[in-house]
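Peer 1: Got a predicted structure here, sequence first:
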Amino acid sequence: MTEDLERHRPVLLRFAMLQLRNRAQAEDAVQEALIAAIQGAKNFAGKSSVRTWLVGILKHKIVDHIRRSRREEPLDLPDAETSLEDFDVLYREDGHYASMPAEWGDPEAALSQRKFFETLERCLEGLPKNAARVFMLREVMGMETAEICKELAITATNCWVLLYRARMSLRACLEKRWFAIGA
Amino acid sequence: MKLKLTCKEAGRLISEGLDRKLSLPQRAALRLHLAICDACTRINAQFRFLRRAASFYPGPERDDGGS
C-alpha cells in the first residue's frame, strides 16, 4: 500500500505547490497527507480512485497549512493585486473589449485530456500568488467565499477582486495556450 | 445601480455572481447586458467552464494509474 501511495507523490506535490507556492510547506503538506492516508488506509472504501482519495486528504492538509502560516504572518496583499487598473488595457474607451474574447468551441472535450490540465497548471502558476490561492480555494477546493475571507483575513471585496483577476487571467491564458492553437 | 453596464462592469458582475448572490438590480442589469453583448456572453460561458475545469483538476489519470 505504501508503495502504491508513493507513486502519487509528484501529482500531490504539484497540487500543493500551486496552492502554497512554497516548496517546504508543500512537501510538508504532502507528507502529512501520505501519513494520514497510510494510517487511514482501512477507511479507503475504494469507491473513488486512490488518487482522488489522496487529493481529498491533501486538501485538508493544505487548508491547515494556510491557517497556520496566516497566524504566523499576515497575508501580504500588495495593492497591485487588488487594484484592477492593469485590466484597463483590455477595454476600449467606450467600455467594450479591445479584442473580442475568442469562441472556445466545445471546451468540454478538453476535460478528458491530460494535456489540458497541464496547460491549466502552467496558467495557474502564472497568476499572482494571492489570486492563485483564492481561486484554488474557491474553485478547486470548493470553499465558500465567506470562509475564504475568514481564513485569509481579507475583506469580501478583496476576495471578489482576486477571484475576478484570477478568472480573467486564466481565461486569457487558456485562450492563448490552448483554445487558440486548436488543441 | 445603473441599468446600462459597460463590458468592464459586466465582467466583474459575472465573476461576483459566481461567488455571491447579486442584488436584484444587478442581476437585471447583467441579464440585459448579456442579451445584447456577444463578448460578455462568451466571458460568462468561459468563467463557468473555468469552474468546471478547476473542479476536475488534477484531471484524468494515466492509464497505468500513475500520475
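Peer 2: Cool, the structure landed.

Peer 1: Quick check: can you list the domain ranges of chain A?
Peer 2: Using automatic domain parsing, the domain parsing of chain A gives A:2-72, A:79-179.

Peer 1: As TSV, the ones you listed with mean neighbour count would be great.
Peer 2: All C-beta atoms are positioned from the backbone trio N, CA, C, and that covers glycine. Converted to TSV, the domains of chain A look like this (neighbours: other C-beta atoms under 10 Å in any protein chain shown):
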stretch	mean neighbour count
domain A:2-72	16
domain A:79-179	17
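
Peer 1: would JSON lines of the ones you listed with distance to B:Arg51 and mean pLDDT be doable?
Peer 2: Compiled in JSON lines, these are given as follows (distance: least, C-beta to C-beta, whole Å; pLDDT from 0 to 100):
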{"stretch": "domain A:2-72", "distance to B:Arg51": "16", "mean pLDDT": "90"}
{"stretch": "domain A:79-179", "distance to B:Arg51": "5", "mean pLDDT": "92"}
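
Peer 1: Point out the one among the ones you listed that comes closest to B:Phe47.
Peer 2: domain A:79-179 (5.1 Å; C-beta to C-beta).

Peer 1: Contact residues of chain B facing chain A?
Peer 2: Proximity of chain B to chain A, by C-beta under 8 Å from any C-beta of the partner chain, involves residues B:6-9, B:11-12, B:15-16, B:18-20, B:38-39, B:42-43, B:45-47, B:49-62, B:65-67.

Peer 1: Let me see the contact set for B:Gln46.
Peer 2: A:Pro101, A:Trp104, A:Pro107, A:Arg171 (C-beta atoms under 8 Å, 6 or more residues apart in numbering or on different chains).

Peer 1: in what helix or strand does A:Ser169 lie?
Peer 2: Element membership of A:Ser169, judged by DSSP states H and E, is helix A:156-174.

Peer 1: which one is the most centrally placed residue in chain A nearest to, not counting chain neighbours?
Peer 2: The centroid of chain A falls nearest to A:Met136 when counting by C-alpha atoms, centre = their mean (2.9 Å). Nearest residue to A:Met136 in three dimensions, chain neighbours excluded: A:Gln19, at 4.8 Å (C-beta to C-beta, 6 or more residues apart in numbering or on different chains).

Peer 1: Looks to me like the one you found is in a helix.
Peer 2: Yes: assignment of A:Gln19 by DSSP: H, G, I helix; E, B strand; the rest coil places it within a helix.

Peer 1: Where does the prediction get shaky in chain B?
Peer 2: Within chain B, the stretches with pLDDT under 70 are B:1-2, B:62-67.

Peer 1: which stretches of it form helices?
Peer 2: B:7-17, B:24-36, B:38-56 (DSSP state H).

Peer 1: Select, out of those helices, the one closest to A:Gly40.
Peer 2: helix B:38-56 (23.8 Å).

Peer 1: Could you give the separation of that closest one from the chain centroid?
Peer 2: Remark: helix B:38-56 is offset 5 Å from the chain centroid, using C-alpha atoms, centre = their mean, to the nearest Å.

Peer 1: Just the buried residues of it, please?
Peer 2: In terms of neighbour count (16 or more other C-beta atoms under 10 Å in any protein chain shown), helix B:38-56 has its buried residues at B:40-47, B:49-51, B:53-54.

Peer 1: For the residue nearest to B:Pro60 when sequence neighbours are not counted, give its distance to A:Ile66.
Peer 2: If the residues on either side of it in the chain are set aside, B:Pro60 comes closest to A:Arg114, at 5.5 Å by C-beta to C-beta, 6+ apart. Going from A:Arg114 to A:Ile66 by C-beta to C-beta, to the nearest Å gives 27 Å.

Peer 1: One more: A:Ser99?
Peer 2: 36 Å.

Peer 1: Kind regards, and thank you for your time.
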